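> Sequence plus the predicted model coming up.
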Amino acid sequence: MKQFISVQDAGNINTLVEQALIYKANPLKDKALGAGKRIGLLFLNPSLRTRLSTQVAAANLGMDAIVFNIDKEGWALEFEEGAIMSGSTVEHIKDAAPVLGSYFDILCIRTFPSLKNREDDYSELYITQFIKYCGVPVISLESATLHPLQSLTDVITITECQRLKAKSQKPKIVLTWAPHVKPLPQCVANSFSQWINTWDKADFVITHPEDYELKEEFIKGATITYNQDEALKNADFVYVKNWSTYKDYGKIYENDPRWMLTEDKLVLTNNAKVMHCLPVRRNVELSDEVLDSANSIVTQQAANRVWAAQAVISEILKS
Ligand code: CP
């Protein structure tokens, strides 16, 4: 594996899931693999799970991890080719990225969309420029449009739950939009859709209000419906997530609180496991009753972030 920025870099998803579960059973089995190597974690926006789980994963592999909140502690970066840097930006990515690459064996980067200019965000300008100029393998810690470590974690968690059920038939997985107080990126929804469709081991339904359609390339293969109750019927897994509009980019249109997942709605499902990437707005996206119930697997999901990161880092170290 040369980089990890989308499902296309994952190779065989099931192999990667198995590797993650091997690490979950025996976290230090490859402690020597990363000895003497250094991993840099660059953040352009806040994080709890991604930051700490990746640090733990790197330590399990014997690596030194250094975190840099580049947006707060670094010089303001310029990404535009040919920019006349007479404004607020201090350092061009062309100059900063090779320096960062010289300090680290692997660079991990969390960028973020502007939610103002769709073309810029969907061109993945920031992470693409880091990859172009840093000269070492790059792992996405969430980019403008995708969150692949989260999605790998989600597939790992679904696989674990399915094994406990010992059922061979495909689970029904529902991704449902939920209300929120501010416009959020489409990253998690795009990425989850991309991974579940590529994995191809589930009946996959996406439900959201009108105007919240995701970009076609990510949802190909899923059933799309505006009827949340219909979607939830017999679901085995319900993934709850807000996202802002893609078409009229970065807006909140409909924000009907009836889209919040509550116990009443869970009754429609096949006693579904409830997923969310966290952080979650309680009693806005998901009710307390659901989050605090046995159906919720959000903590298991977040804990599995370590094993997803460890599987990916180890694949890059091995190659
Ligand atoms: N799910 C997730 O990426 O969480 P953080 O933003 O806390 O890293």
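That came through fine.

> and the closest residue to Val136 other than its chain neighbours, what is it in contact with?
The shortest distance from Val136 to any non-neighbouring residue, by Cβ to Cβ, 6 or more residues apart in numbering, is to Gly101 (4.6 Å). All C-beta spots, glycine's among them, are computed from the backbone N, C-alpha and C. Listed by Cβ atoms under 8 Å, 6 or more residues apart in numbering, the contact set of Gly101 reads 107, 133-136.

> what does Leu149 give?
Applying Cβ under 8 Å, 6+ apart, the residues contacting Leu149 are 4, 50, 54, 139-142, 305, 308-309, 312.

> now do Lys273
Contacts for Lys273 (Cβ under 8 Å, 6+ apart) come out as 161, 236-238, 295-297.

> could you measure the nearest residue to Met85 once chain neighbours are set aside against Pro98, distance?
Computed as Cβ to Cβ, 6+ apart, the closest residue to Met85 that is not its neighbour in sequence is Glu78, at 5.5 Å. For Glu78, the distance to Pro98 (Cβ to Cβ, to the nearest Å) stands at 15 Å.

> just to revisit the earlier point, which ones among the contacts of Lys273 map onto helices?
Cys161 (DSSP state H).

> between the contacts of Lys273, which has the most around it?
Highest neighbour count within the contacts of Lys273: Val238, with 28 neighbours (other Cβ atoms under 10 Å).

> Identify the bridge partners of that residue.
Note on Val238: beta-bridge partners by DSSP bridges are Val174, Val274.

> With the ligand as the reference, measure out to it.
Distance of Val238 to the ligand, computed by Cβ to the nearest ligand atom, to the nearest Å: 17 Å.

> do the same with Ser293
Taking Cβ to the nearest ligand atom as the measure, Ser293 falls 20 Å from the ligand.

> Neighbours of that residue, how many?
Neighbours of Ser293 under the rule other Cβ under 10 Å: 12.

> buried set for stretch 80-92?
By 16 or more other Cβ atoms under 10 Å, the buried positions in stretch 80-92 come out as His92.

> what about the residue nearest to Val136, which helix or strand?
Using DSSP states H and E, Gly101 maps to helix 93-103.

> Can you give the contact residues for the helix or strand where Lys132 lies?
Per DSSP H and E: Lys132 is located in helix 125-134. Residues from elsewhere that reach helix 125-134 (Cβ under 8 Å, 6+ apart): 3, 5, 42, 44, 79, 93-94, 97-98, 100-101, 107, 109, 111, 138, 140, 143-144.

> okay, that helix in PDB with CA atoms only?
Only the C-alpha atoms of helix 125-134 are listed here, as PDB (Å, rounded to 0.1, in the frame of the first residue of the first chain):
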ATOM      1  CA  LEU A 125      -6.700  20.400  -3.300                       C
ATOM      2  CA  TYR A 126      -5.000  20.200   0.100                       C
ATOM      3  CA  ILE A 127      -4.400  16.500   0.500                       C
ATOM      4  CA  THR A 128      -3.400  16.200  -3.200                       C
ATOM      5  CA  GLN A 129      -0.800  18.900  -2.800                       C
ATOM      6  CA  PHE A 130       0.600  17.200   0.300                       C
ATOM      7  CA  ILE A 131       0.900  13.900  -1.700                       C
ATOM      8  CA  LYS A 132       2.400  15.700  -4.600                       C
ATOM      9  CA  TYR A 133       5.200  17.400  -2.700                       C
ATOM     10  CA  CYS A 134       6.000  15.500   0.500                       C
END
